[in-house]
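# Could you look at this predicted model? Sequence included:
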Amino acid sequence: MGRYFRQRTLQSALSLFGLIVLVFFLARLTGNPADLLLPVDTPQSVRDEFSARHGFDQPMIVQFGRYLIELTQLDMGYSLRDGHPALDHVLAAFPTTLLLSFWAMLISLTIAIVTGSIAAWRPGGLFDRIASLISLAGASVPNFWIAIVGVLIFAVWYRVLPTSGTGTPLHWVLPVAVLFIRPCGVLTQVVRSSMIAALSAPYTKTARARGVRTRTVIFGHALRNAMLPVVTVAGDQAAGMINGAVIAETIFGFPGVGRLLIDSIMFRDFAVIQAAVMVTAIAIFFLNIGIDIIYAILDPRVRHG
Amino acid sequence: MTDVAHAGMGDARAALSRTADVFLMLWRDKFAFVSAAFLLFVIYVAIFGPSILPDGALTMNLRARNAPPFDLERGWVYILGADNLGRSLLARLAVGARYTLLIAGSAVLIALVIGTFFGLIAGYRGGRIGTIILQLADIVMSFPSLLLALIVLFVLSPQVSNVVLVLAFSRVPVYLRTCRAEVLEIRERQFVVAAKALGASHARMVFLHILPNALPTLMTLATLEFAAVMLSESSLSFLGLGVQAPAVTWGLMVSDGRGYLATAWWLSFWPGVAISLTAISANLLANWLRTVLDPGQRWRLEKRGES
């Protein structure tokens, strides 16, 4: 187990480094921020001074070296927009995205496990067919369109929900709804197929033959074994939440990491892009570790193997 | 009828009867049949639609600005309404279909070819090269695809070709991993081991024995991926980093209509319906393909009609 985690950590560290290199050079290829941030009629001397102050006049490899050294001291540079530390920006925005993803994931998992289990009880039955079609539709409909239709119905026509901003719990309804629909559709399908397999497994039949109560068979025997693939897919979906968060936060003016990233990309705010990517990647890394631990708890073969 | 056809073999007839079998299996699964029909319809519209519809996609008609849907006063071309410049939404959807299918289709194809190629190497050769390939795939996979695409497209100009490349690049690992897993499994099967013992060359092993057996799984995956890539493309367009006007995709149309949500909802609504229906159809068809190509499941579709 310990060896497995060491290997996993090393592998993730390698991936993270690859990512840092990629983002650093890609971001710098987008052009010189001096051209974007300073007024058009700025004299060349001021431009040069600006570039020199932020180190943009150095060769790229020197800039990268300095970035790496500062990184070891947890210094991720300063935002070009307001001069605040980039890390502060990201850490201020991160809890919002985390909370948004948490609610979306909790609702998806709850609905998926209940619906998928009931559907798997009688495959091909009416409930199963309706649930399968709805979950498939949920996994296929673009989330930005759901957002727009949601705004249209609940904010424009009925005026029961606000269109943007944060503050009251009502502000969270639409963004969470936009985020949870696709993972919920995907997870329902996984729970269903995995439960069908578990319910027809020999150990389930044995349990039923021995007269164990139906409820105990479903939730005690079948569901626990069916959860393994669900955990894997749920992990992928949770990591993909940031994709949905970019959309939801942009549409609903939510001050999270997704919107911070989009704004920083548009503004060529290099330090903030890098810090946001870094923090997101680290969060996904811990998420994966968490998934591994859950896996080990659920499956003794992983634990002792 | 299958028995008759099989009795009178002949290659052409056998092929014909196999096509008929597949068609029958498709007919028996009503959802899959409707999906296939709808996808064919969308492809037809994408190819011929723009030339059939009388130039409504580009000509502006200011008197028809934001014309509401289901109003036949201006003719059937305006059945779905018109946008803020008075262009027929139906005609624009047809042009949008062309770009949307072209982009998603090419991205899937490129990713499929590259991913399969490296997946074959990683699975067949294995060793250090295999490990490095997998490691690189993990790096690409470990980061949310949308963000990667956003950063890359901000560097490169968002032309159609760049959008295709970015989408393809971010999906390569999916095929690579699947292909590798398939190869690892097929490599151990009796007939492959036998071929190896008979001294088959590497090329013969890979292209004659392994690849044809991995292909069904990869094709099913590609159908699923088509829906996923189309959704990614529309997300990019929606955020303004996908294709730019005068090119138009359904995602871009949703984005353009956002500003008129309170006064003309149909601008954003119809293209979203088009994306959703196409993605749902691709997913349903992929589900059917998975059943057909899995020998353990196939009887479900074959048996029902005989009884």
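All right, it came through fine.
# alpha carbons only for contacts and neighbour counts from here, please
Noted.
# The chain: helices as residue ranges?
By default, I'm working from chain A. A:2-29, A:33-37, A:44-54, A:60-72, A:86-121, A:126-140, A:143-150, A:170-199, A:202-209, A:214-215, A:223-252, A:257-267, A:270-298, A:300-304 (DSSP state H).
# Please refer instead to chain B.
Secondary structure of chain B, counting by DSSP H: helices at B:2-7, B:11-28, B:30-52, B:89-124, B:127-141, B:145-155, B:160-186, B:190-197, B:202-204, B:211-238, B:250-257, B:266-293, B:295-306.
# Run through the chain and note the low-pLDDT ranges.
No chain specified, so I'll use chain A. Confidence mapping of chain A against pLDDT under 70 gives the ranges A:1-2, A:30-37, A:302-305.
# my question was about chain B
Checking chain B against pLDDT under 70 turns up B:1-11, B:54-60, B:62-64, B:72-74, B:76, B:294-307.
# quick one: is stretch B:167-177 near chain A?
No - where contact is defined by C-alpha under 8 Å from any C-alpha of the partner chain, no part of stretch B:167-177 touches chain A; the two come within 12.7 Å at best.
# From the rest of the structure, what touches that stretch?
Taking contacts as C-alpha atoms under 8 Å, 6 or more residues apart in numbering or on different chains, the residues outside stretch B:167-177 that touch it are B:107-108, B:110-112, B:114-120, B:134, B:137-138, B:140-141, B:145, B:148-149, B:218, B:221, B:229, B:232-233.
# Please tell me how far it is from the chain's geometric centre.
In terms of C-alpha atoms, centre = their mean, to the nearest Å, the centre of stretch B:167-177 is set 14 Å apart from its chain centre.
# now, of the helices of chain B, which is deepest in the fold?
Scoring these by mean neighbour count under mean count of other C-alpha atoms under 10 Å in any protein chain shown gives helix B:250-257 as the most buried, with a mean of 25.
# Please determine how far the closest residue to B:E225 other than its chain neighbours is located from chain A.
Closest residue to B:E225 apart from its sequence neighbours, by C-alpha to C-alpha, 6 or more residues apart in numbering or on different chains: B:V108 at 6.8 Å. Separation of B:V108 from chain A (C-alpha to the nearest C-alpha, to the nearest Å): 17 Å.
# Over to B:S106?
Spatial separation of B:S106 from chain A under the definition C-alpha to the nearest C-alpha is 20 Å.
# Show me which residues of chain B are close to chain A?
Residues of chain B lying near chain A (C-alpha under 8 Å from any C-alpha): B:135-136, B:138-139, B:142-147, B:151-152, B:154-156, B:227-228, B:231, B:234-235, B:238-239, B:254, B:258, B:261-262, B:265, B:268-269, B:272, B:275-276, B:279-280, B:283-284.
# Not counting its neighbours along the chain, what's nearest the residue nearest the centre of chain A?
For chain A, the residue lying nearest the average C-alpha position, counting by C-alpha atoms, centre = their mean, turns out to be A:M241 (2.7 Å). Sequence neighbours aside, A:S101 is the residue nearest to A:M241 in space, at 6.2 Å (criterion: C-alpha to C-alpha, 6+ apart).
# Test my guess that B:S106 contacts B:V164.
Yes - distance between B:S106 and B:V164: 6.7 Å, which falls inside the contact criterion (C-alpha atoms under 8 Å).
# burial count for the residue lying closest to B:L153 once chain neighbours are set aside?
Distances taken as C-alpha to C-alpha, 6+ apart place B:L241 nearest to B:L153, at 6.4 Å, with adjacent residues excluded. Counted by other C-alpha atoms under 10 Å in any protein chain shown, the residues lying close to B:L241 total 22.
# residues contacting B:L241?
For B:L241, counting by C-alpha under 8 Å, 6+ apart, the contacting residues are B:L150, B:L153, B:F154, B:P158.
# For these, could you give me a markdown table that also reports distance to B:R125?
Shown next, in a markdown table, are those (distance: C-alpha to C-alpha, whole Å):
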| residue | distance to B:R125 |
| --- | --- |
| B:L150 | 34 |
| B:L153 | 34 |
| B:F154 | 37 |
| B:P158 | 37 |
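# Might you calculate how far stretch A:179-199 sits from the centre of the chain?
How far stretch A:179-199 lies from its chain's middle: 18 Å, per C-alpha atoms, centre = their mean.
# Wondering if it reaches chain B at all.
No - Stretch A:179-199 stays clear of chain B (C-alpha under 8 Å from any C-alpha), getting no nearer than 11.1 Å.
# what comes up buried for that stretch?
Neighbour counts over stretch A:179-199 (16 or more other C-alpha atoms under 10 Å in any protein chain shown) mark A:179-196, A:198-199 as buried.
# for the residue of the stretch 201-307 of chain B found nearest chain A, what are its contacts?
With C-alpha to the nearest C-alpha as the measure, the residue in the stretch 201-307 of chain B that lies nearest chain A is B:S276; the distance is 4.7 Å. Contact analysis of B:S276 by C-alpha under 8 Å, 6+ apart lists A:A137, A:S140, A:V141, A:P142.
# Of those residues, which ones also sit close to chain B?
When the contacts of B:S276 are checked against chain B using C-alpha under 8 Å from any C-alpha, the ones in range are A:A137, A:S140, A:V141, A:P142.
# and the third one, how many neighbours does it have?
A:V141 is flanked by 24 other residues according to other C-alpha under 10 Å.
# any idea how far it lies from B:L90?
A:V141 sits 20 Å away from B:L90 when distances are taken as C-alpha to C-alpha, to the nearest Å.
# same question, the first one
Summarising the geometry, the distance separating A:A137 from B:L90, computed by C-alpha to C-alpha, is 23 Å.
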